[in-house]
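Visitor: would you be able to build a 3D model of this:
(one chain, ligands or ions: 1)
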Amino acid sequence: MDMASINSNFLKLKAGYLFPEIARRVKVYSDTEANYGPAARIIRCGIGDVTEPLPRAVVQAMREGVDEMAEHKTFKGYGPEQGYDFLRQAIVDHQFLGLGISADEVFISDGSKCDTGNILDIFGKGNTIAITDPVYPVYVDTNVMAGNTGDGDANGTYSGLVYLPGNAANHFVAEVPATSADLIYLCFPNNPTGAVATRPQLEAWVRYAKKNDAIILFDAAYEAFIQDASIPHSIFEIEGARDCAIEFRSFSKNGGFTGVRCAYVIIPKTVSGTAPDGSRVPLHQLWGRRHCTKFNGASYPVQKGAAAVFSEEGKHQVSALIDHYMGNAKLLREAAMAAGLSVFGGENAPYVWVGCPAGLSSWDMFDKMLEEAQVVITPGSGFGSGGEGYFRISAFNSRENVEEVCHRLKVLLG
Ligand SMILES: *Cc1c(COP(=O)(O)O)cnc(C)c1O
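Guide: Reported below is the predicted structural model:
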């Protein structure tokens, strides 16, 4: 029969995605006339988006990039799909020095969200996928779309995935499972919990991956927020990771690029997967082919701006941004602890992960914070059933707003 059938895996996705549901509840609350007064005071600590403007060094470099595009002599059309050498080399020199990564193992893109989803293109069907719970929802939903799961239940838990529980007992750093997995998603510093993995914990994961011939997909979008010098910034700081890991990095959270778009994937040439005939194929080769076929490169002015993050001036300005957000995180942590709540994260990440007051579910606490304090937080259960009973407060805000949120927490629970 002639008809265009669809990818029916999409029908397995849960309709009520977290952030639309948050937006819906905020709208219902603020549209209620009786709430017009208090609703006008709403402070959003929900979505993990930066609030401060771009570093000046980045703005200057992007302007120069645009000016070059305006002249015949310096105009550029399509650039290299994998990114300009000046940016790939700057990344290696400033972020991976001494870790054995070369510039041609860096693939520039327009975002880590797309990269973490698109990477599934190069993996076969039937892989066992391990994800932490709670988790960044993109890892789950892209595996649902790719057909790597069965059906989901009402909690958004999908059959066929290996869930690695994070909880208060393990400080939200999942332990290696007893069973084998083929692809493992790790995100440290973590969104949503703000947890970081120590070197021994990452070593255990690399050992596990090598033993099980698995690949670690390591999302390091928040590495710039690490304050503790003993915490690794990259999975490639771990011996053996060059044989079993891919790392995702982004300029979104350190450079404030969420609206500019630039990120990168590191794929060492030594990481490989297995072909149907049993031969080993380097993932670098497959991703290179995929990237050149489906992507035409990030924009030149944007890559100029990204490289400026590594200039002396840029480093200074990025570090001031991080200090600002981490100062916010400290205030939020202290306020939540003073309110008698159990608090995780916020020390090496811009997210504070907080246990709800006794008897309240994540969404109960969301409603209470919205209606009684006019503060929008993110319900932990939206990140997986392991997040139930917790909520996330984002430190991406102005100092003024954060101080007001701390005050309201005190009035609400103090
Ligand atoms: C913000 C974020 C990213 C970055 O995504 P971009 O598409 O590069 O903006 C990646 N991973 C996690 C877990 C994030 O929270």
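Visitor: buried residues, the helix ranked longest in the chain. List them.
Guide: Longest helix in the chain, counting residues (DSSP state H): helix 312-338. Neighbour counts using 16 or more other C-beta atoms under 10 Å place 314, 317-318, 321-322, 324-326, 328-333, 335-336 of helix 312-338 among the buried residues. Any C-beta I mention is one placed from the backbone N, CA and C, and that applies to glycine too.
Visitor: next one: stretch 407-414
Guide: So for stretch 407-414, counting by 16+ other C-beta under 10 Å, buried means Arg408, Leu409, Leu413.
Visitor: min pLDDT across those residues, which one?
Guide: Among the buried residues of stretch 407-414, Leu413 carries the lowest pLDDT, at 92.
Visitor: for the protein, name the helix or strand with the lowest mean pLDDT.
Guide: The helix or strand with the lowest mean pLDDT-type score in the chain, counting by mean pLDDT, DSSP states H and E, is helix 36-39 (a mean of 82).
Visitor: mind checking if stretch 369-381 is in reach of the ligand?
Guide: No - judged by C-beta under 6 Å from any ligand atom, stretch 369-381 stays clear of the ligand, getting no closer than 11.4 Å.
Visitor: residues contacting that stretch, please?
Guide: 18, 22, 25-26, 29, 35, 38-39, 41-48, 134, 155, 192, 353, 356, 361-363, 365-366, 387-394, 405, 408-409, 411-412 (C-beta atoms under 8 Å, 6 or more residues apart in numbering).
Visitor: out of those residues, which touch the ligand?
Guide: By C-beta under 6 Å from any ligand atom, the members of the contacts of stretch 369-381 lying near the ligand are Gly48.
Visitor: which of the contacts of stretch 369-381 fall in strands?
Guide: Ile43, Arg44, Trp353, Tyr390, Phe391, Arg392, Ile393, Ser394 (DSSP state E).
Visitor: just list whatever residues bridge to the last one.
Guide: Think Ser394. Counting by DSSP bridges, Ser394 forms beta bridges with Tyr351.
Visitor: mind listing what it touches?
Guide: For Ser394, the contacting residues are Cys45, Gly46, Ile47, Gly48, Pro350, Tyr351, Thr378, by C-beta under 8 Å, 6+ apart.
Visitor: ok, it to Ile22 distance?
Guide: Distance, Ser394 to Ile22, by C-beta to C-beta, to the nearest Å: 12 Å.
Visitor: need the residues of the stretch 151-300 of the chain near the ligand, please.
Guide: Checking the stretch 151-300 of the chain against the ligand by C-beta under 6 Å from any ligand atom, the hits are Cys187, Asn191, Asp219, Ala221, Ser250, Ser252, Lys253, Thr258, Ala263.
Visitor: looking at these, which are in strands?
Guide: Counting by DSSP E, the part of these found in strands is Cys187, Asp219, Ser250, Ala263.
Visitor: surely the second one touches Ala197?
Guide: Yep, that's Asp219 we're talking about. No - assessed by C-beta atoms under 8 Å, Asp219 is found out of contact with Ala197, at 11.7 Å.
Visitor: check contacts around the nearest residue to Asp364 once chain neighbours are set aside.
Guide: In space, Asp364 comes closest to Cys356 once its chain neighbours are excluded; the distance is 7.0 Å by C-beta to C-beta, 6 or more residues apart in numbering. Applying C-beta under 8 Å, 6+ apart to Cys356 gives the contacts Leu341, Ser362, Asp364, Met365, Gly380, Gly389, Tyr390, Phe391.
Visitor: domains of this structure?
Guide: Listed domain ranges for the chain are 11-53+314-413, 58-311 (source: automatic domain parsing).
Visitor: Throw those into JSON lines and include distance to Ala4, thanks.
Guide: Listed next are the domains of the chain as JSON lines, based on distance: least, C-beta to C-beta, whole Å:
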{"stretch": "domain 11-53+314-413", "distance to Ala4": "15"}
{"stretch": "domain 58-311", "distance to Ala4": "17"}
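Visitor: surely Tyr17 touches Pro137?
Guide: Yes - counting by C-beta under 8 Å, Tyr17 does reach Pro137; the two are 7.4 Å apart.
Visitor: which of the two has more neighbours?
Guide: Between Tyr17 and Pro137, counted using other C-beta atoms under 10 Å, Pro137 has the larger neighbour count: 18 against 13.
Visitor: and that one, what pLDDT?
Guide: Predicted confidence (pLDDT) for Pro137: 92.
Visitor: could you do Arg24 as well?
Guide: Per-residue confidence (pLDDT) for Arg24: 92.
Visitor: for the one 5 residues further on, same thing?
Guide: As predicted, Tyr29 sits at a pLDDT of 93.
Visitor: I'd like to know how far it sits from Val405.
Guide: Per C-beta to C-beta, Tyr29 is found 17 Å from Val405.
Visitor: before we move on, what about Glu334?
Guide: Here the criterion is C-beta to C-beta. By it, Glu334 lies 12 Å from Val405.
Visitor: between the buried residues of stretch 407-414, which sits nearest the ligand?
Guide: Leu409 (23.4 Å; C-beta to the nearest ligand atom).
Visitor: what's the local residue count around the spatially closest residue to Leu18 that is not a sequence neighbour?
Guide: Excluding the flanking residues, the one nearest Leu18 by C-beta to C-beta, 6+ apart is Gly382, at 3.5 Å. For Gly382, the count of nearby residues is 24 (other C-beta under 10 Å).
Visitor: gap between Gly382 and the ligand?
Guide: To the ligand, Gly382 is 13 Å away according to C-beta to the nearest ligand atom, to the nearest Å.
Visitor: which residues touch that residue?
Guide: By C-beta under 8 Å, 6+ apart, the contact list for Gly382 reads Leu18, Glu21, Ile22, Pro137, Ser362.
Visitor: please, a PyMOL command that selects the buried ones among the residues you listed?
Guide: Listed next is the PyMOL selection for buried residues among the contacts of Gly382, using 16+ other C-beta under 10 Å:
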select buried, resi 18+22+137+362
